[in-house]
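>>> need coordinates for the following:
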Amino acid sequence: MRLNWNNLSKLFLHFWFPRTCFGCGRDLPWQSEAPLCAECEAGLQPPGPLVCKRCGAVLKSGGGHCYRCRGSKAQKYKCRVIRSACQFNAASRALVHALKYAQADYLALYMGNWMARSYARYPELAEAEVVVPVPLFPKKNRRRGYNQSALLAQVFAPAVGLAYTAAALVRVRDTVSQTKLGRQARMENMTGAFRCINPLLVKGKTVLLIDDVATTGATLEGCAVSLKEAGAKKVLAYTFARE
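Residues are numbered from 1 along each chain as shown. Alright, predicted model coming up:
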């Protein structure tokens with residue numbers, strides 16, 4: 001293969017500072033632009049094969065809806081549909097954790113584009129008109145230096161031809177971490193945590209919320225409640241991974 005100056009510089013950097021796969025830790029080929037090796041990238045599979053028609057939870061025993069969304073129970077939720085680009089497994093977890101906790105903000109380009117490529121799989125999200133990222137509390141945003149959901153949304157939105165705004169929704173309460181809370185506690189933790197400060201940006205529109213991971217959907221529901229109160233026509237959600 002003929003090497004140009006760009007390839008030579010990449011090869012030189014790889015020799016002294018080899019890049020490793022975020023999933024398994026093995027050395028990546030010097031030509032690779034991806035943060036995962038081919039084997040780990042193949043693990044970025046969509047949830048399923050069967051998922052709840054509303055919340056996107058994997059249905060291990062079949063059916064159309066999970067227990068919490070079955071029958072009339074689905075009508076109480078303001079977030080009408082939740083979908084995800086991939087399962088929350090070793091490979092996707094490594095990317096999410098590096099993006100959120102290891103200052104690897106550059107991963108948002110890869111992850112946001114992965115979401116964009118997977119978007120066509122979900123026609124139930126096609127009516128979305130405007131993309132809104134799940135906001136961080138200002139103190140946490142300053143400490144981290146960025147909002148990972150906003151970085152994902154900034155890559156995803158133009159890639160699929162949707163408008164993007166981070167000026168509609170803010171987090172007004174510094175909630176405790178959701179990681180060790182049960183489902184009911186998560187829902188209570190997110191109640192009143194968000195506020196739509198610019199209703200004109202979402203009024204009468206179908207909003208697509210963007211976040212890194214969906215677990216119980218409590219955070220997305222908290223956002224949806226505020227957006228619906230501000231006049232949004234419908235609220236959908238799309239995340240990189242589904243736990």
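>>> for this structure, just list every one of the helices.
Under the criterion DSSP state H, the chain contains helices at 5-16, 38-41, 90-101, 107-119, 138-144, 148-160, 183-190, 218-229.
>>> is it correct that residue 119 is in contact with residue 161?
No - in this structure, residue 119 is not within contact of residue 161 by C-beta atoms under 8 Å, at 10.1 Å. The way it works is simple: take the backbone N, C-alpha and C, and place the C-beta from them, glycine included.
>>> okay, these two: which has more neighbours?
residue 119 (20 against 7; other C-beta atoms under 10 Å).
>>> could you count how many residues lie near the closest residue to the more buried one other than its chain neighbours?
Leaving out its chain neighbours, the residue that sits closest to residue 119 by C-beta to C-beta, 6 or more residues apart in numbering is residue 160, at 5.2 Å. Using other C-beta under 10 Å, residue 160 has 17 other residues around it.
>>> and for residue 90?
Using other C-beta under 10 Å: residue 90 sits among 12 other residues.
>>> now the residue nearest to residue 119: how far from residue 168?
19 Å (C-beta to C-beta, to the nearest Å).
>>> identify the residues contacting residue 104.
residue 98 (C-beta atoms under 8 Å, 6 or more residues apart in numbering).
>>> let's see it at 10 Å
Residues counted as contacts of residue 104 (C-beta atoms under 10 Å, 6 or more residues apart in numbering) are 22, 35, 94, 95, 97, 98, 148.
>>> can you give me the domain boundaries for the chain?
Listed by automatic domain parsing, the domain ranges of the chain are 1-42, 47-242.
>>> for the ones you listed, which one ends up most surrounded?
domain 47-242 (a mean of 18; mean count of other C-beta atoms under 10 Å).
>>> close enough to count as contact, residue 68 and residue 77?
Yes - with contact defined as C-beta atoms under 10 Å, residue 68 and residue 77 form a contacting pair (8.9 Å).
>>> go through the helices of the chain and name the closest to residue 175.
helix 183-190 (5.1 Å; C-beta to C-beta).
>>> pLDDT on the closest one, on average?
Throughout helix 183-190, pLDDT has a mean value of 69.
>>> show the contacting residues for residue 99.
Here residue 99 is in contact with 22, 35, 105-108, 110-111, 144, 146, 148-149, 151-152, 212, 240 (C-beta under 10 Å, 6+ apart).
>>> which neighbours do residue 68 and residue 77 have in common?
In contact with both residue 68 and residue 77: 54, 55, 217, using C-beta under 10 Å, 6+ apart.
>>> min pLDDT across the residues you listed, which one?
Of all the shared contacts of residue 68 and residue 77, residue 217 has the smallest pLDDT value, namely 93.
>>> how close does that residue get to residue 54?
9 Å.
>>> give me the beta-bridge partners of the residue lying closest to residue 229 once chain neighbours are set aside?
Nearest residue to residue 229 in three dimensions, chain neighbours excluded: residue 196, at 6.9 Å (C-beta to C-beta, 6+ apart). According to DSSP bridges, the residues that bridge with residue 196 are residue 169.
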